[in-house]
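Colleague: sequence isn't available, so here's the structure alone:
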């Protein structure tokens, strides 16, 4: 499936110095974006076209990835109802392997295959997109994928307790940041990750958060934490740095920053966006994204903004004016916030155009994809985003 934000989370807790090196995984462990290409190409040309997109032919590793692929094909409104080349070519032993040399122990042939008709792999529409080996010089539609690695990685270091600032620096040195507890979903994931290790005794864990001059918890990138899980005794003002406190069920606790603790890092590896050219209301667009496990795209900073715009422009949509709903709706205070209650100091309004009175956020090609508001009941195209934790 499916730039968006795939947060790779690393938990640093005791063990004899042991870095867990994660080999390439299969469907359920990958953050994947699929793209259907409705242009007929030979298998080799299809692989080349995917590479030109910074992608590869889609790989079908296991039950989960096969289901994801088939679901994607069936649900795609642009599905031409044809066969699709995917990533697989017979090696010297006659077994299917991907272009990067990975073989799979799982196969999804129908009862009549492999037939020996060819060396390249496609999903056969006549048998509900089961595998079929066919001649590589035939031209077919195809599916590309982009992966951003394993969605969960761990790096465990024995007794490496650090003060908060050194923990933050250690994460940065590993091209990561201290993990941000953004909402109830991320909180549950972070706690589950720690508890799954069954460390005895349980340990407090530094996470991303430090009190600013206004005694408000903010992240290391300067954004304010709009979510919290303090228990009834906190914030206690014992310190300025944020931990998950084991004695209180991993609720938030502000503690003295020079104390040494274990810590949790995260990495945003890649996200992906899906442009949907169908016009819907803001609520309908939100529901459309949700049915595929996505959310309306959040425009959080200049990097995500450029990624969203690039994705829209890459679609070459044949419309003179292109307005797209984004993930933003005015809250009770009149401020724009996303559906996961995340607010941002980043804005991208067009200073030359008055902001309308509507409550929902969109961008328009007419203004160079600047922001504006519209009535949430108006109908626009939209962009979905995949988040993988």
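Modeller: Sure, I can see it. Note that this is a predicted model, so its numbers are computed, not measured.
Colleague: what's downstream of the lowest-mean-pLDDT helix or strand in the chain, the next helix or strand?
Modeller: Ranked by mean pLDDT, DSSP states H and E, the weakest helix or strand in the chain is strand 18-19, scoring a mean of 18. Moving toward the C-terminus from strand 18-19, the first helix or strand encountered (DSSP states H and E) is strand 30-41.
Colleague: give the pairing partners of that next one; include direction for each.
Modeller: strand 140-150 (antiparallel) (DSSP bridges).
Colleague: mind checking the SS state of residue 252?
Modeller: Secondary structure state of residue 252, per DSSP: H, G, I helix; E, B strand; the rest coil, is strand.
Colleague: show me what contacts it?
Modeller: 181, 209, 228, 229, 230, 231, 234, 235, 242, 243, 244, 245 (CB atoms under 8 Å, 6 or more residues apart in numbering). All C-beta spots, glycine's among them, are computed from the backbone N, C-alpha and C.
Colleague: got the phi and psi for the closest residue to the first one other than its chain neighbours?
Modeller: Ranked by CB to CB, 6 or more residues apart in numbering and with sequence neighbours excluded, the top spatial neighbour of residue 181 is residue 187, at 5.2 Å. Backbone dihedrals for residue 187, given as degrees, to the nearest 10, come out at phi -60, psi -50.
Colleague: go ahead and confirm residue 187 touches residue 229.
Modeller: Yes - between residue 187 and residue 229 there is a contact at 5.7 Å, judged by CB atoms under 8 Å.
Colleague: next, show the common contact partners of the two.
Modeller: Residues touching both residue 187 and residue 229 (CB under 8 Å, 6+ apart) are residue 181.
Colleague: farthest pair within the contacts of residue 252?
Modeller: Pairwise distances among the contacts of residue 252 were taken by CB to CB; the largest, 15.3 Å, belongs to 209 and 231.
Colleague: who's more crowded, the two?
Modeller: More neighbours surround residue 209 than the other of residue 209 and residue 231, with 22 against 13 (other CB atoms under 10 Å).
Colleague: show me what contacts that one?
Modeller: Applying CB under 8 Å, 6+ apart, the residues contacting residue 209 are 180, 181, 217, 218, 219, 225, 241, 242, 252.
Colleague: of these, the lowest pLDDT goes to which?
Modeller: Within the contacts of residue 209, pLDDT reaches its minimum at residue 225, with 84.
Colleague: for it, which non-adjacent residue is closest in space?
Modeller: residue 217 (4.5 Å).
Colleague: what about the one you found, neighbour count?
Modeller: Counted with other CB under 10 Å, the neighbours of residue 217 add up to 22.
Colleague: that one pairs with what?
Modeller: For residue 217, the beta-bridge partners under DSSP bridges are residue 211.
Colleague: what sits against it?
Modeller: 209, 210, 211, 224, 225, 228, 235, 242, 254.
Colleague: now swap in residue 88 and tell me
Modeller: By CB under 8 Å, 6+ apart, the contact set of residue 88 is 59, 60, 96, 97, 98, 120, 121, 131.
Colleague: surely residue 109 touches residue 123?
Modeller: No - Residue 109 lies out of contact with residue 123 (CB under 8 Å); the separation is 10.9 Å.
Colleague: compare neighbour counts for these two and give me the winner.
Modeller: Shown here are residue 109 and residue 123; by other CB under 10 Å, residue 123 has more neighbours (26 against 16).
Colleague: name the SS class of that one, please.
Modeller: Recorded secondary structure, residue 123: strand (three-state DSSP).
Colleague: how about it: what's its closest non-neighbour residue?
Modeller: Nearest non-adjacent residue to residue 123, counting by CB to CB, 6+ apart: residue 129, 4.1 Å away.
Colleague: possible to save the contacts of residue 88 as JSON lines with distance to residue 84?
Modeller: Output for these, formatted as JSON lines (distance: CB to CB, whole Å):
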{"residue": "59", "distance to residue 84": "13"}
{"residue": "60", "distance to residue 84": "10"}
{"residue": "96", "distance to residue 84": "15"}
{"residue": "97", "distance to residue 84": "18"}
{"residue": "98", "distance to residue 84": "15"}
{"residue": "120", "distance to residue 84": "12"}
{"residue": "121", "distance to residue 84": "10"}
{"residue": "131", "distance to residue 84": "11"}
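Colleague: ok, so of those, who is nearest residue 198?
Modeller: Checking these against residue 198 by CB to CB gives residue 59 as the nearest, at 33.1 Å.
Colleague: so what's the residue count around that closest one?
Modeller: By the criterion of other CB under 10 Å, residue 59 has 25 neighbours.
Colleague: setting aside sequence neighbours, what's the nearest residue to it?
Modeller: Excluding the flanking residues, the one nearest residue 59 by CB to CB, 6+ apart is residue 87, at 4.5 Å.
Colleague: phi first, then psi, for that neighbour.
Modeller: When read as degrees, to the nearest 10, the backbone of residue 87 gives phi -80, psi 100.
Colleague: how distant is the helix or strand where residue 74 lies from the center of its chain?
Modeller: According to DSSP H and E, residue 74 maps onto helix 63-75. Using CA atoms, centre = their mean, to the nearest Å, the mean C-alpha position of helix 63-75 is found 17 Å from that of the whole chain.
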